[in-house]
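Chemist: fold the following and give me the result.
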Amino acid sequence: MKIENRNHNDIQIAEISGRIDPSTTAYFEEELNKILTDNRPKVLLNMKQVDYISSSGLRVFITALKKVRGANGELKICSMSPNIQKIFEISGFVQLFDISSSEEEALQKFQT
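Modeler: Below you'll find the model as predicted:
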């Protein structure tokens with residue numbers, strides 16, 4: 001698993017690649033927490049290169065969402081593969097997260 005972080009205006013974009021499973025969850029959570037340190041964070045998780053996510057990985061998403069909402073920030077997800085989208089649907093996460101099909105679409109949704 002790999003996370004590349006970049007800034008677009010005041011939005012932190014994390015491009016995630018690989019598998020989010022029990023062996024990578026701690027690393028994923030640690031890297032995500034580094035991104036979430038800002039007050040009122042605006043974070044976009046680009047999932048284009050994620051090919052698997054386990055239940056422990058899903059827990060990290062929920063924890064991040066709570067942290068961002070607690071700081072009056074925004075967390076959005078984009079570019080999921082059909083398999084990852086299905087996992088989010090089965091788990092009910094599509095109702096919790098703002099999910100876009102592309103990075104461009106997600107960036108447009110952030111409040112200015």
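Chemist: residue 71 versus the most centrally placed residue in the chain, what's the distance?
Modeler: Of all residues in the chain, the one closest to the mean position by CA atoms, centre = their mean is residue 45, 3.4 Å from it. Distance from residue 45 to residue 71, counting by CB to CB, to the nearest Å: 16 Å. C-betas here are computed from N, CA, C, even on glycine.
Chemist: please apply the same query to residue 89.
Modeler: 27 Å.
Chemist: let me see the ranges of the helices in this structure.
Modeler: 25-35, 55-70, 82-91, 103-109 (DSSP state H).
Chemist: ok, back up a step: list the contacts of the residue nearest to the centre of the chain.
Modeler: 14, 16, 61, 75-78 (CB atoms under 8 Å, 6 or more residues apart in numbering).
Chemist: one more time with 6 Å
Modeler: The neighbours of residue 45, taking CB atoms under 6 Å, 6 or more residues apart in numbering as the test, are 14, 77.
Chemist: so what's it bridging to?
Modeler: Beta-bridge partners recorded for residue 45 (DSSP bridges): residue 14, residue 77.
Chemist: same check, this time on residue 52
Modeler: In this entry, residue 52 is beta-bridged to residue 19, by DSSP bridges.
Chemist: so it makes contact with residue 22?
Modeler: No. Counting by CB atoms under 6 Å, residue 52 does not reach residue 22; the two are 11.2 Å apart.
Chemist: neighbour count winner among the two?
Modeler: Taking other CB atoms under 10 Å, residue 52 and residue 22 do not tie; residue 52 has more neighbours (15 against 11).
Chemist: where does the prediction get shaky in this structure?
Modeler: Within the chain, the stretches with pLDDT under 70 are 111-112.
Chemist: what about stretch 90-104, how long is it end to end?
Modeler: Separation of the first and last residues of stretch 90-104 by CA to CA, to the nearest Å is 26 Å.
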